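Engineer: need a 3D model of the sequence below.
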Amino acid sequence: MSDPETCAVTGPGDDSGEARFIAAMRALATGTGARALSDDAAVLDTHGPLVVTHDMMVEGVHWLPSQDAADVAWKLVASNLSDLAAKGARPVALILGYMLGDAAWDAAFAAGLRAVLAAHPAPLLGGDTVAGPSPAATRTLGLTAIGAPVRNPPPARADAQVGDRVWVTGVLGAALAGFEALQRGVDDPALTAAFRRPEPQLATGAALAPVVHAMMDVSDGLLIDARRMAEASRTTIAIDSSAVPVHPALADRRDEAMRWGDDYQLLFTMADGIAPPVGACCIGAVLPAGREPLLIDRGPPDGSIPLGYAHGRDTASKD
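Structural biologist: Numbers count the residues shown, from 1 in each chain. You can find the predicted model right below:
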């Protein structure tokens, strides 16, 4: 949005879809660093380390084509803020990559962006807009989030230590329950909110960062993310499935709830005997590296079922 090549058509008499959308973004990008979205780039003043993350979302993969564009905007921001939360970082900048839709879709997206920025304040500093080759083109969106960590260095996946206890915040399976409700056409905001408008655990991550060893968010599924943490830490993580908090709608599908993902809770390790400063459940332990980086109920997980979501594999819509 701050690229002169894409903004050159936004003069006073321009009523294109891009001009209207950039005007809506200009109303949200009020920080001085954004320069009113009229410059080649934003300016960020910092005197310490920064955490930088970038997530993309694709129509039909990360959201259902029938979903409200306002929900899509919320989820795009929330998924990026969740990565900052996993590093105990405070948001200091967002940069949006946006593929234009029709006027109604663009307006709804802007409204959703306004809502999520009001709920989770983060300065929007600009970005870029593009148009697809046709109105029917699959929409792809991207967002870069930049944060200032409360601890230097921030916690990493690779920081789990042998003897640590493994913890997770919230409940798992809530996003899957919401996704399936939307597929059935169930209009229950309380049930579908976890999938439509996930809540990034920013305050929780900031509270945990000073005391945890390893930490990451649960976006692709508890099991695959726990395995990633174990591999990065060169340890084995053993999980007690009965201790994993699962959404009531998935009570009889515990294994699926641990694999589906999109929950944006925090998975972390702490030294044994220390209680976390936030609500969380202890679900396992960090062991010396063994033959398997992940154990479920003392044995390796069923290898015939994917541990979680991975792009490039034929799966149902989800993140």
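Engineer: from here on, just use CA atoms for contacts and neighbour counts.
Structural biologist: Fine.
Engineer: just the strands in this protein please.
Structural biologist: Ranges of strands in the chain, per DSSP state E, are 51-58, 89-99, 124-130, 140-149, 165-168, 215-218, 235-239, 265-270, 281-288, 294-296.
Engineer: against H120, how distant is the most centrally placed residue in the chain?
Structural biologist: Per C-alpha atoms, centre = their mean, the C-alpha nearest to the average position across the chain is that of S79, at 1.9 Å. Separation of S79 from H120 (C-alpha to C-alpha, to the nearest Å) stands at 12 Å.
Engineer: again with A148
Structural biologist: From A148 across to H120, the span is 15 Å (C-alpha to C-alpha).
Engineer: what about these two, which has more around it?
Structural biologist: A148 (22 against 15; other C-alpha atoms under 10 Å).
Engineer: quickly note the distance from the more buried one to P276.
Structural biologist: A148 sits 22 Å away from P276, taking C-alpha to C-alpha as the criterion.
Engineer: repeat for G170
Structural biologist: Counting by C-alpha to C-alpha, the gap from G170 to P276 is 13 Å.
Engineer: so what sits against both of the two?
Structural biologist: The contact sets of G170 and P276 do not overlap (C-alpha atoms under 8 Å, 6 or more residues apart in numbering).
Engineer: circling back: need the contact list for the residue nearest to the centre of the chain.
Structural biologist: By C-alpha under 8 Å, 6+ apart, the contact set of S79 is D55, P198, P200, Y264.
Engineer: and those, which are buried?
Structural biologist: By neighbour count, with 16 or more other C-alpha atoms under 10 Å, the contacts of S79 hold P198, P200, Y264 as buried.
Engineer: between these, which sits nearest I224?
Structural biologist: Set against I224, the nearest of the buried ones among the contacts of S79 by C-alpha to C-alpha is Y264 (13.6 Å).
Engineer: tell me who's in contact with the closest residue in space to I283 that isn't next to it in sequence.
Structural biologist: Of all residues not flanking I283 in the chain, A243 sits nearest, at 5.1 Å (C-alpha to C-alpha, 6 or more residues apart in numbering). With contact set as C-alpha under 8 Å, 6+ apart, A243 has these partners: C281, C282, I283, G284.
Engineer: A93 pairs with what?
Structural biologist: Here A93 shows beta-bridge partners I146, assigned using DSSP bridges.
Engineer: is it true that it touches G126?
Structural biologist: No. If you go by C-alpha atoms under 8 Å, A93 and G126 don't touch, sitting 9.1 Å apart.
Engineer: comparing the two, which residue is more hemmed in?
Structural biologist: G126 (29 against 23).
Engineer: I'd like the mean pLDDT over stretch 127-140, please.
Structural biologist: The average pLDDT within stretch 127-140 is 79.
Engineer: swap in stretch 259-266?
Structural biologist: Per-residue scores along stretch 259-266 average to 94.
Engineer: just the CA atoms of it, as CSV, please.
Structural biologist: Extracted as CSV, the C-alpha positions of stretch 259-266 are listed here (Å, rounded to 0.1, in the frame of the first residue of the first chain):
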residue,chain,number,x,y,z
ARG,A,259,-3.7,-33.4,15.2
TRP,A,260,-6.0,-30.9,13.5
GLY,A,261,-4.5,-27.6,14.7
ASP,A,262,-5.6,-24.0,14.1
ASP,A,263,-6.0,-23.6,17.9
TYR,A,264,-3.3,-20.9,18.4
GLN,A,265,-2.7,-21.9,22.0
LEU,A,266,0.8,-21.9,23.4
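Engineer: return the distance of it from the chain's centre.
Structural biologist: Mean-position distance between stretch 259-266 and its chain equals 9 Å (C-alpha atoms, centre = their mean, to the nearest Å).
Engineer: ditto for stretch 178-187
Structural biologist: Its chain's C-alpha centre and that of stretch 178-187 lie 21 Å apart, by C-alpha atoms, centre = their mean.
Engineer: kindly export it (C-alpha atoms) in PDB.
Structural biologist: Extracted in PDB, the C-alpha atoms of stretch 178-187 (Å, rounded to 0.1, in the frame of the first residue of the first chain):
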ATOM      1  CA  GLY A 178     -16.000 -24.500  14.800                       C
ATOM      2  CA  PHE A 179     -14.900 -25.500  11.300                       C
ATOM      3  CA  GLU A 180     -17.200 -28.500  11.200                       C
ATOM      4  CA  ALA A 181     -20.100 -26.400  12.500                       C
ATOM      5  CA  LEU A 182     -19.600 -23.900   9.700                       C
ATOM      6  CA  GLN A 183     -19.500 -26.800   7.100                       C
ATOM      7  CA  ARG A 184     -22.900 -27.900   8.500                       C
ATOM      8  CA  GLY A 185     -24.300 -24.400   8.200                       C
ATOM      9  CA  VAL A 186     -24.600 -24.100  12.000                       C
ATOM     10  CA  ASP A 187     -24.900 -20.400  13.000                       C
END
